[in-house]
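[1] coords please:
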Amino acid sequence: MRVPAREESFPRDLLLLGAAIFLFYGVLLWAPLIADDQAYILRFSSVAGAWTGFRAFLDAGPNSEQFEPLVHMIHRALYALGGARPFAYRLTSLLLHWANAGLALALFSRILKDRRLALLAALLFALFPASVETLAGSTNKKHLLVAFFTLSALALTERRSWKAAARVGAGWCLFALALACKETAVVLPALVAARRISARREPGRPGAAENAALFGGWAVLLGGYVALRLSLPPRATAPWAGGGFAANVLTSAKILAWSLLHLLAPWPLSLEHPLSPASWPPGAGTLAAAAVAAGAIAGTFVFLFRGGRAGFAAAWVLLALAPFLNLVPYLNFSLVMDRYLYLASAGFFLLVAVGLENAQESRAGKRLRPWIASALVAVAAVYAAAGASYAALFSNPVELWANAARRAPLNPRAREAHGFHLAQDGRDDEAAAELRRAIELDPGFDTPYEDLARLESRRGRPAEAAAVAERHARAAPTPGNLAALGVYRLKAGQPGAASDALKRASEAAPDDATIRLDLGYAELAAKRWSEADAAFAAAQSEPSLRSSALAGRGEAALGAGRVEQGAARLADAVAADPWNVRAVELLADVDVRLGRRDAALATLDAALKRVDEEPTLDASVRARLRAELRTRRDSAARL
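    Model prediction:
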């Protein structure tokens, strides 16, 4: 039996889509990991830390918001494979995008009559430049995976050759996997429902029993997911955008209108955009956006319930955008992001293709038919050029965030990120200016204070660093901010003021051993020996801090004139952690003072041997430690 032409050409068309994706967006393979990838991969213990069991994948992440166990599992596997090198993270994202483009092609080919239009619509989806952000950040795999499982479920509904039980079981599995990636997976059953409503008059559609089993199972899965999420740290919510419910609804309309516009023309491309919440009473621009949103929603309902392909495609666009409209307030500095358009863009290009196919049936459309394919190829070329140019920016984080700061100059996150990367590039004055601007834009935003204090400290300006930390602690007097203030005051030579800040931090967080350790150092610097000993003793119970705390107690004892007691505690500190170089050096000094020259040399020789034999030490660290310990040993040997 002859294979239908469209199935015969599918492998060739799929290879074409892959070639286009890797040709124009392959530059991302070597771009460094930035932004959320740093927090949710490299600094996330469930991904980059020691294995603690599968329950670690239920960890919500650094900001207690990201319930994405399947994404965390994938990242842990990629981290085990390649560590912090970006290639594997980006390769898997590009491969997922290719798979999604292939699924879109398969689905479009079943819905559209014109195979060329199906291919060109899938090509536009593959090269849509706003998707570059989704491909550039590995943490955005959640969007790629939700799209993959959703497109798979939609393709499954077209599989008439499968038995009903197989379709239902596969549908349940796909929804469960999508929910394990991101809560926006709730669009999956909604899109399948829209497809079945729009195609209800087509022959061979699923019966009532299959629909009941499929959607009933999805309801059970969703109920279990909600119960699981309620037992875990909740996702943070935000106040109503614009200050009230009515303003929030209008803000959602503005987001929808912006999203529809950027599906039509996805420029400018940026990690941040300047859309602001609606105010009350609304202005003319807000009312115009509300009219566009209302018209789009009403038109979609009319087309969907009349049945037909256009209604499904329009519903696809709106349903895919719905989780990102801030209907339940959660958005922060940016109401809109390029990556939120990813799944909706596939529905949009299907809608365009359906419209063009319908138009070709008219007399005027038949005259334009020879030009339609050329026009779509030209659009794909524009997309490819714009997307490739933007993708290249991700290799230079300074320029990438400079672009975001230009596009959204009042966005504090764009300013902070630009300042952070300027500091990493050694452009300290420019970095400080950007970070101060970020603080001015949002005095409650923690990160620019932290970045600026760290920058000033690195520049050898401890007093300025302490002043930044003090401003931060006044704006948000949390235990962590008070503790940071204490540390910066200590570096600035203000032990008394440092102790005051650390005492306040310790009172607010009495179980935080790190704060107690820092308080001990402040009391040491102030020469309050008994207070220092008490603070170090409180920190000593934390295993990871035991050696440092014992060494601190040793210094406090030495300061109080109890030399033998100090030596004993320093010896305990070295026994608890032989890599505590500070304790090793102090112990050697005390042994020399007590006339135990051979014991001091033995302690330093053992430390030098560890440094020479440890294979994991960086060469520069090894050289520094060896020089430091060798100087101490030579000094002790001369006595």
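
[2] show me the contacts for Val377.
    Taking CB atoms under 8 Å, 6 or more residues apart in numbering, we find Val377 in contact with Leu120. C-beta coordinates here come from the backbone N, C-alpha and C atoms, glycine included.

[3] Look at it and tell me its secondary structure.
    helix (DSSP: H, G, I helix; E, B strand; the rest coil).

[4] Thr139 - nearest residue in space that isn't next to it in sequence?
    Asp36 (4.3 Å; CB to CB, 6 or more residues apart in numbering).

[5] Could you list which residues are in contact with the closest residue to Arg630 other than its chain neighbours?
    Of all residues not flanking Arg630 in the chain, Leu608 sits nearest, at 6.9 Å (CB to CB, 6+ apart). Neighbour list for Leu608: 626, 629-630, 633 [criterion: CB under 8 Å, 6+ apart].

[6] One more: Tyr521?
    490, 532, 552.

[7] Surely the second one touches Glu523?
    Just to be clear, that refers to Ala532. Yes. If you go by CB atoms under 8 Å, Ala532 and Glu523 touch, sitting 3.6 Å apart.

[8] any residues in contact with both of these two?
    By CB under 8 Å, 6+ apart, the residues touching both Ala532 and Glu523 are Ala556.

[9] Okay, and which of the contacts of Leu608 map to strands?
    Per DSSP state E, strands hold no members of the contacts of Leu608.

[10] For Arg633, list the residues it contacts.
    Here Arg633 is in contact with 588, 601, 604-605, 608 (criterion: CB under 8 Å, 6+ apart).

[11] Just the buried subset of these, please.
    Applying 16 or more other CB atoms under 10 Å to the contacts of Arg633, the neighbour count classes 588, 601, 604, 608 as buried.

[12] for these, which one is nearest Ala106?
    Of all the buried ones among the contacts of Arg633, Leu608 has the smallest distance to Ala106: 65.0 Å, by CB to CB.

[13] which parts of the host helix or strand of that closest one are buried?
    According to DSSP states H and E, Leu608 maps onto helix 597-613. Under the neighbour-count criterion of 16+ other CB under 10 Å, helix 597-613 has 599-601, 603-604, 607-608, 610-611 buried.

[14] Put the alpha carbons of that helix into PDB.
    Extracted as PDB, the C-alpha positions of helix 597-613 are listed here (Å, rounded to 0.1, in the frame of the first residue of the first chain):
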ATOM      1  CA  ARG A 597      59.400  23.600  68.500                       C
ATOM      2  CA  ASP A 598      59.300  20.000  67.200                       C
ATOM      3  CA  ALA A 599      55.500  19.800  67.700                       C
ATOM      4  CA  ALA A 600      55.100  23.000  65.800                       C
ATOM      5  CA  LEU A 601      57.200  21.700  62.900                       C
ATOM      6  CA  ALA A 602      55.300  18.400  62.900                       C
ATOM      7  CA  THR A 603      52.000  20.200  62.700                       C
ATOM      8  CA  LEU A 604      53.200  22.300  59.800                       C
ATOM      9  CA  ASP A 605      54.800  19.400  58.000                       C
ATOM     10  CA  ALA A 606      51.600  17.400  58.200                       C
ATOM     11  CA  ALA A 607      49.700  20.400  56.700                       C
ATOM     12  CA  LEU A 608      52.200  20.800  53.900                       C
ATOM     13  CA  LYS A 609      52.000  17.100  53.000                       C
ATOM     14  CA  ARG A 610      48.200  17.300  52.800                       C
ATOM     15  CA  VAL A 611      48.400  20.300  50.500                       C
ATOM     16  CA  ASP A 612      50.900  18.600  48.200                       C
ATOM     17  CA  GLU A 613      49.000  15.300  48.100                       C
END
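
[15] How many residues are close by Arg626?
    Other residues lying near Arg626 total 15 when counted by other CB atoms under 10 Å.

[16] That one and Asp612 touch, don't they?
    Yes. Between Arg626 and Asp612 there is a contact at 7.2 Å, judged by CB under 8 Å.

[17] Let me see the contact set for the residue nearest to Leu144 when sequence neighbours are not counted.
    Of all residues not flanking Leu144 in the chain, Leu96 sits nearest, at 4.2 Å (CB to CB, 6+ apart). Contacts for Leu96 were tallied using CB under 8 Å, 6+ apart; they are 141, 144-145, 148.

[18] three-state assignment of Leu232?
    Under three-state DSSP, Leu232 comes out as coil.

[19] State the pLDDT value of it.
    pLDDT for Leu232: 76.

[20] next one: the one 10 residues further on
    Gly242 is assigned a predicted lDDT (pLDDT) of 82.

[21] number of nearby residues for the residue nearest to Thr139?
    Quick note: Asp36 (other CB under 10 Å) scores 17 neighbours.

[22] Wait, it touches Ala136, no?
    No. With contact defined as CB under 8 Å, Asp36 does not reach Ala136; the gap is 10.8 Å.

[23] Kindly indicate which of the buried ones among the contacts of Arg633 lies nearest Ser152.
    Scanning the buried ones among the contacts of Arg633 for proximity to Ser152, where the rule is CB to CB, the winner is Leu608, at 59.6 Å.

[24] Out of the contacts of Tyr521, give me the one that has the most neighbours.
    Neighbour counts for these, by other CB under 10 Å, peak at Gly552, which reaches 29 neighbours.

[25] for the helix or strand containing Ala353, what is the average pLDDT?
    According to DSSP H and E, Ala353 maps onto helix 342-359. In this model, helix 342-359 has a mean pLDDT of 96.

[26] Let's test this: name the helix or strand in this protein with the lowest mean pLDDT.
    When the helices and strands of the chain are scored by mean pLDDT, DSSP states H and E, helix 5-8 comes last with a mean of 61.

[27] Tell me the helix or strand right after that one.
    That would be, after helix 5-8 and using DSSP H and E, helix 10-25.

[28] List the contacts of Ala88.
    Counting by CB under 8 Å, 6+ apart, Ala88 has contacts 78, 81-82.

[29] Next: Ala606.
    Counting by CB under 8 Å, 6+ apart, Ala606 has contacts Pro578.

[30] hang on, the earlier thing: what's the distance between the residue nearest to Arg630 and Asp618?
    17 Å (CB to CB, to the nearest Å).

[31] now swap in Ser252 and tell me
    51 Å.

[32] Of the two, which one has the most company?
    A count of neighbours by other CB under 10 Å puts Ser252 above the other of Ser252 and Asp618, at 24 against 8.

[33] okay but that one is in contact with Pro323, surely?
    No. Look at Ser252 against Pro323 with CB under 8 Å: they stay out of range, at 11.4 Å.
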